[in-house]
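Q: here are the coordinates; sequence isn't available:
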């Protein structure tokens, strides 16, 4: 649009983190900061599902050496948690429904891989990585929506934190993740004396 602010150079900084120990990033900023636009920019850049060279050739990113090293080269799982949560009628089932939806998409994307009927996202990613060596960029926009909503039951919050933990803390699945990028208003929360997601910067 006429008011578009080109933040594409952030891709250069994210590319430095790909497949490194520091590949877990949480961007906690105030509302209207452009967090969602950045997640869409990342998805368009990394995703194997699109050819976005022409788009990025018009942006500042393309003026940097090696800018296209990871262009459309990685599998992307992008979740807009706020939108998904608001569309889910039975809020108590939001994590289960999310798991089923993403795993079904992975089955469609990788039809040669047998993913068990009861598999969760972490299982599916691990199986795909083990069988094909495929890696993933995982983007969760508004990761903290369940945490900051005071009407959410404590049991659902705990289930959600366990869900995040299952994806981002397991040594096995970490090998399958090239980059994890969470956005939200809150920084990664601390539970009792420890942070469950202490590998995020």
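A: Looks like it came in fine. Bear in mind the structure is a predicted one, so any value in this text is a computation, not a measurement.
Q: what helix or strand does the most centrally placed residue in the chain sit in?
A: Nearest to the geometric centre of the chain sits residue 139, at 1.7 Å (CA atoms, centre = their mean). Residue 139 is part of strand 136-141, with elements assigned from DSSP states H and E.
Q: Remind me what the worst-scoring helix or strand of the chain on mean pLDDT packs against, helices and strands.
A: Least confident helix or strand, the chain: helix 145-148 with a mean of 85, by mean pLDDT, DSSP states H and E. Here helix 145-148 touches helix 81-87, helix 154-168, going by 3 or more CB pairs under 8 Å, 6 or more residues apart in numbering; DSSP states H and E. Every C-beta, even on glycine, is put in place using the N, C-alpha and C of the backbone.
Q: That helix: which residues count as buried?
A: Neighbour-count burial for helix 145-148 flags 145, 146, 147 (criterion: 16 or more other CB atoms under 10 Å).
Q: Okay, helices next: where are they in the chain?
A: Ranges of helices in the chain, per DSSP state H, are 10-15, 35-46, 53-56, 81-87, 94-109, 121-132, 145-148, 154-168, 171-174.
Q: Including distance to residue 115, could those go into CSV?
A: Compiled in CSV, these are given as follows (distance: least, CB to CB, whole Å):
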stretch, distance to residue 115
helix 10-15, 28
helix 35-46, 22
helix 53-56, 31
helix 81-87, 21
helix 94-109, 5
helix 121-132, 5
helix 145-148, 26
helix 154-168, 15
helix 171-174, 14
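Q: Looking at the ones you listed, spot the one closest to residue 21.
A: Closest approach to residue 21 among the helices of the chain (CB to CB): helix 171-174, 9.2 Å.
Q: Can you tell me what sits against that closest one?
A: Residues from elsewhere that reach helix 171-174, judged by CB atoms under 8 Å, 6 or more residues apart in numbering: 122, 125, 126, 129, 166, 167, 168.
Q: Could you export the helices and strands packed on helix 145-148 as a markdown table, including mean neighbour count and distance to residue 31?
A: Putting the helices and strands packed on helix 145-148 into a markdown table (neighbours: other CB atoms under 10 Å; distance: least, CB to CB, whole Å) gives the following:
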| stretch | mean neighbour count | distance to residue 31 |
| --- | --- | --- |
| helix 81-87 | 15 | 11 |
| helix 154-168 | 15 | 21 |
